[in-house]
Structure formats: C-alpha cells, structure tokens
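Student: model the following, please.
(one chain, ligands or ions: 3)
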Amino acid sequence: MTNMMLPIIAGKDVKQLDESYIQFSGISSIDLMENAGRSFVTWYEKQSFSSRKHIYVFVGPGNNGGDGLVIARLLQNDCRSIILVCMEVLEKCSADFVYNFHRLPIEVNVIGYANWTQEIEENSVIIDAVFGVGINRPLASRYMYLIQKLNHVGGVKIAVDIPSGLPADYSKNSIAFQADYTATFQFPKLSLLFPEHAREVGELAVIDIGISEESVCRFSKQRFFLRGIDIKAYHKHFHKFSHKGDFGKVLLIGGTIGKTGAINLAGYAALRTGSGLVTLAPQISDPYQFQTIVPELMIFGGKDDLNLRGFDSVAIGPGMGIDVDIDWFVRILDEVDKPVVLDADGINLLARYPKLLDYLPKNSIITPHLKEFERLVGKSKDHLERIQMASDFAIHHQVIIILKGAHTLIAMPDGRQIFNSSGNQYMATAGSGDVLTGMIASFLGQSYTPENAAICGVYHHGLAGEIASQTKYRGMIASDIINAIPKTFVQLDII
Ligand SMILES: NC(=O)C1=CN([C@@H]2O[C@H](COP(=O)(O)OP(=O)(O)OC[C@H]3O[C@@H](n4cnc5c(N)ncnc54)[C@H](OP(=O)(O)O)[C@@H]3O)[C@@H](O)[C@H]2O)[C@@H](O)CC1
Ligand SMILES: Nc1ncnc2c1ncn2[C@@H]1O[C@H](COP(=O)(O)OP(=O)(O)O)[C@@H](O)[C@H]1O
Ligand SMILES: [K+]
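Tutor: Numbering: from 1, shown residues only. Ligands and ions are numbered 1, 2, ... in the order given. Predicted structure coming up:
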C-alpha cells in the first residue's frame, strides 16, 4: 500500500533516475528537460506574481541551468522583459544546456555574469536556476557573492528544483539562495523538508514532470511524501448498518488543574473525527466538577476502577502534568491490551522514567514535538540526525513516532519514514497537538491499524488546519481546526 505514496529519492540517485526513465520510456533527455521547464511555467502562470514584467533568470552550467533556459524561452512574451544571467561560458556547460541556449529567442536579453552590472528592479521576479541536485563541492566565491547579493534584493524569488547552495539530502553548510517559493521536480528533495531550511525553501510546490511512478518507486522504499491522493486507501469504509460501536469507544486520560482544556480539545476532536463514544478521564480531585466544552463528551470520575479494556482506544497525556503516581501510570500501560497514543506529559513521563517503555504496548503511537522529542530521545545536531534518531527509536522500541512540526515525520517501526505535506504555520497555536492526539485516538478506536490511524490522523489534521486558516489566518485557534475536521472528509471524498 505504501508503494502508492510518492517516494523521496536521494539527490545522488536523481541522475540514475533520469537515465533509467529515459531508457524505459524512450524519451530524450532534452524532452525531459522541456517537460520540467514547461511544468514549471504552467505552475508559474497560476501564481499571483505572474503578471510582473521584469524577470531575471540566473543559470548555472548544469541541467538546472538548462531548465532555466527552457523557462526563460517559455516565459518570453510581449508583456515581459526577460534578463538571463549566465554564470559560466558555454564550453563549461552541459550538452542539454548548450542545446537549449541555442534555442533562446532573440528577445531574451542574455548577459554573462562578468558583464552584469545592472540593478534589479524592486518589482521583479528572480528565478534561481544556478544549481540543482548536482551541487558537489563548496560554492566558489563568485557564486557565494551572487547568492548573497540576491538574498539582499527585493522581488519575488523562486528556486528551480532546489535553492542553489542547498545540498539535496543534508543540512546546509554554507550560504544558499533564500527563495519565497521552491518549485521542485517530481518529488521533494529531503532537505527541503528540514526546519533549518525554512528561510531558503519558502513555500514548497512539487511539480509533476511526467516521470512514471514505477520509475520513481524503484529508487526508494524507505522515505515517502504523504499527499491527499494517498489518503483514501488508508481509510475504513462504513456502511448504512454501521452502529455506534463500530465507530469506537475512546478514552482520553489527562487534564490536570489549569490544563483541562487540553483533554477537552482532544475529546472534541475525537468526536469530530467520527468516534461513537468519547470519555475523558481528567486527573483532578473532583472530576465531576470538570467543565467540558462539549455536552457529547462523557467524564470518568474515579481512578481505580477504570476498566481500560472496555475501550477501543486509549490516549494518555494531554494536559496531564507529570506529578502523577507512577505506579498508577504503570498499571494503566500494563492493563491496556492494545496500542495507545502517548502525547505531551505522557511523553515527558517516558523521558523521565525510561523504564516505562517496557510497559508500552507494541505499535503504540508517540507524538512528540521537537522539544518533547529531545527530552525523550536526546539532542541532535540537525534534522537529518533527528529523523534518523526517530527511526532508530521506532525500530528499537517497535512504536510509531510522530515527530510534529511542518512536514511532520511518521517514523514506522519497520524503518519507513513518511513526511506529511498538509498543514501550515497557523497551526502553531496552543492545543493543536491535543487535537491531533484526539484524531489519532479516534481512528484507532474505529479499528484502524496503528499505521493507518497515524497516517490518516496526521494528514487530516494538517488539512483541517489549512481549511480553517483560509478564513482565520493568524487568528486561527485549535477549536477552529476541530470545526474544520468534517470538511476534510468531504474534500478527500471519504464517507
Ligand atoms: N528527474 C529530475 O529530477 C530532472 C532533473 N532536471 C534538472 O537537472 C538538475 C540536475 O542537473 P545536474 O546533474 O546537471 O546538476 P546541477 O545542479 O545543474 O549542477 C551541476 C553543474 O554545476 C557544477 N557545480 C557543482 N557544484 C558546484 C560548485 N559548488 N561550484 C561551481 N560549480 C559547481 C558542476 O560542475 P562539474 O562538477 O561538472 O565540474 C556541473 O556543471 C536537477 O536539479 C533539475 O533541475 C531536469 O532537467 C530533468 C529531470
Ligand atoms: N509550521 C507548521 N506547519 C505545519 N504544521 C504545523 C506547523 N507548526 C505546528 N504544526 C502542527 O501543529 C501541531 C502542534 O502540536 P504541539 O506543538 O504539540 O502543540 P500544543 O502542545 O500546543 O498542542 C502539530 O501537529 C504540528 O505538526
Ligand atoms: K536552483
């Protein structure tokens, strides 16, 4: 099933991918470059800035530069002035670059970098086609100088395939082009998903250039990019005879004094994700005094006679606090006979008492944000090391780690890494992680496998954030995400 997801291929394998696709399909490398440029231009023409008059295209000596030449040719029309700055002389450029150079229309104003003295107009578009995935050594000083200069001028900045200077598979070790948009070909390069590259990547668009799925799938079985078109396959189908029991009984444990909102949000989210019955077990001395925001939620009062096996799924942690009785916590983990969702203070407790991991049911889902991850697993020097640590942890303890943030990583116990595509920065608001916990617990309770619950939970959560932010922008709060959950099912055509 995972084969349907888009694989993320290592930068060093892209050349091989091209070659094998060229061989397999009979297409020429020139036509593949033409497809890349054409698909970029199709994307470009739909953007709000496409009517801008002045376009600067900077081209390096390789095939990324070749893409830039195709783009310059296809963008040329009577209403635009295209200035093309070549970084190298033709003798140093790739064969496909040279071929496309000779196809440039005379209206494109071609300037060698050494002769380029002109200032860039404020209202321009700057297209970076200097280096793609073929960067193989530290930037020579004139490239550094160019990138520094471009990073300081105004205008809309777009990187073709990858911002020049960024390595495809690891963290940057020097300066790189700072794009507002990165239009990457066929699949996202791994480094475009790293938080430390937010400034360089800008908004990410993945552009299909027609390389067949079979060809791409042959190159990676480990890293995948999760998109809306993948989701339907992971869902369970309900029918007209389905009853409340089929939709699951969910128990959410957490919510101490001052933090009861967390468990409320998780419970409300579970209901909106489709759970039949949701019970909250707040950790306060008189749970019946507990104020819930939603009448459909049930409240469990006692601590000792909680029959955990009567629930289809259990999530522990939102707003729980870490001053809990550890024996009680062990008893809960010990008694639950199916995978649990562990979030927030549930994770902090694991970090404080690693022995608790021995009690965690196999295939449980742990949902740390970066700080919680650091507490649980340790410090990392960059995101590449962090995602490796997440996978090592998932494999070693046979759990699913959901490392939250932009492009949330789902690290599976068999080593697969799935990066999410949905969501946006407006989701960085109090309680949005609690919403995710409730959604995953809901899918688990509806008898989804832990893998499918994690995949559906993460994707729908991000999509709900996108939908809610269309009207709320910066003012979006976690409850808005919950209210948008039903629309995610409509949008993804899941009934
Ligand atoms: N399937 C796909 O995805 C498709 C990919 N396509 C496109 O191809 C791009 C990859 O092209 P690519 O392999 O030619 O590499 P690219 O990034 O242009 O750079 C290589 C050149 O830069 C040079 N060079 C390297 N480092 C340097 C440095 N630090 N400082 C100075 N020079 C340096 C290097 O020099 P050399 O090592 O040869 O001396 C060579 O000349 C890819 O990103 C995408 O845009 C599409 O066209 C079709 C489908
Ligand atoms: N910039 C972003 N892009 C996409 N998703 C984001 C972004 N920032 C936060 N999120 C999502 O919002 C949620 C925040 O969770 P968390 O940090 O646990 O919040 P809280 O503790 O307030 O509930 C995560 O699911 C995360 O993936
Ligand atoms: K580039």
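
Student: can you map out the strands along the stretch 51-200 of the chain?
Tutor: Along the stretch 51-200 of the chain, the segments classed as strands by DSSP state E, counting those that start in this stretch run 54-59, 81-86, 109-112, 125-129, 156-160, 181-185.

Student: need those strands in a markdown table (columns: distance to ligand 3 and mean neighbour count).
Tutor: C-beta here means a position set from N, CA and C on the backbone, and glycine is covered the same way. Formatted as a markdown table, those follow (distance: least, CB to the ion, whole Å; neighbours: other CB atoms under 10 Å):
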| stretch | distance to ligand 3 | mean neighbour count |
| --- | --- | --- |
| strand 54-59 | 9 | 24 |
| strand 81-86 | 13 | 21 |
| strand 109-112 | 18 | 14 |
| strand 125-129 | 5 | 27 |
| strand 156-160 | 5 | 26 |
| strand 181-185 | 8 | 24 |
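
Student: residue 94 is nearest to which of the ones you listed?
Tutor: strand 54-59 (10.9 Å; CB to CB).

Student: is ligand 1 within reach of the closest one?
Tutor: No - Strand 54-59 lies apart from ligand 1 when judged by CB under 6 Å from any ligand atom; the minimum separation is 9.0 Å.

Student: okay, that strand in CSV with CA atoms only?
Tutor: Taking C-alpha atoms only, strand 54-59 is exported to CSV below (Å, rounded to 0.1, in the frame of the first residue of the first chain):
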residue,chain,number,x,y,z
HIS,A,54,10.7,42.1,-15.2
ILE,A,55,12.0,38.5,-14.8
TYR,A,56,15.6,37.7,-14.1
VAL,A,57,16.7,34.1,-14.6
PHE,A,58,20.1,33.1,-13.3
VAL,A,59,21.6,30.0,-14.8
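
Student: before we move on, back to that, let me have the strands of the stretch 51-200 of the chain in a markdown table, extended by distance to residue 276 and mean pLDDT.
Tutor: As requested, these are exported to a markdown table (distance: least, CB to CB, whole Å; pLDDT from 0 to 100):
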| stretch | distance to residue 276 | mean pLDDT |
| --- | --- | --- |
| strand 54-59 | 56 | 98 |
| strand 81-86 | 60 | 97 |
| strand 109-112 | 66 | 97 |
| strand 125-129 | 52 | 98 |
| strand 156-160 | 47 | 98 |
| strand 181-185 | 42 | 98 |
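
Student: make a markdown table from those strands and add distance to residue 67 to it.
Tutor: Shown next, in a markdown table, are the strands of the stretch 51-200 of the chain (distance: least, CB to CB, whole Å):
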| stretch | distance to residue 67 |
| --- | --- |
| strand 54-59 | 8 |
| strand 81-86 | 12 |
| strand 109-112 | 16 |
| strand 125-129 | 5 |
| strand 156-160 | 5 |
| strand 181-185 | 8 |
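
Student: nearest spatial neighbour of residue 259, chain-adjacent residues omitted?
Tutor: residue 319 (3.2 Å; CB to CB, 6 or more residues apart in numbering).

Student: ok, residue 436 - how many residues close by?
Tutor: Here the number of neighbours of residue 436 (other CB atoms under 10 Å) works out to 32.

Student: on that earlier part again, closest one to residue 467 among the strands of the stretch 51-200 of the chain?
Tutor: Nearest of those (CB to CB): strand 181-185, 21.7 Å.
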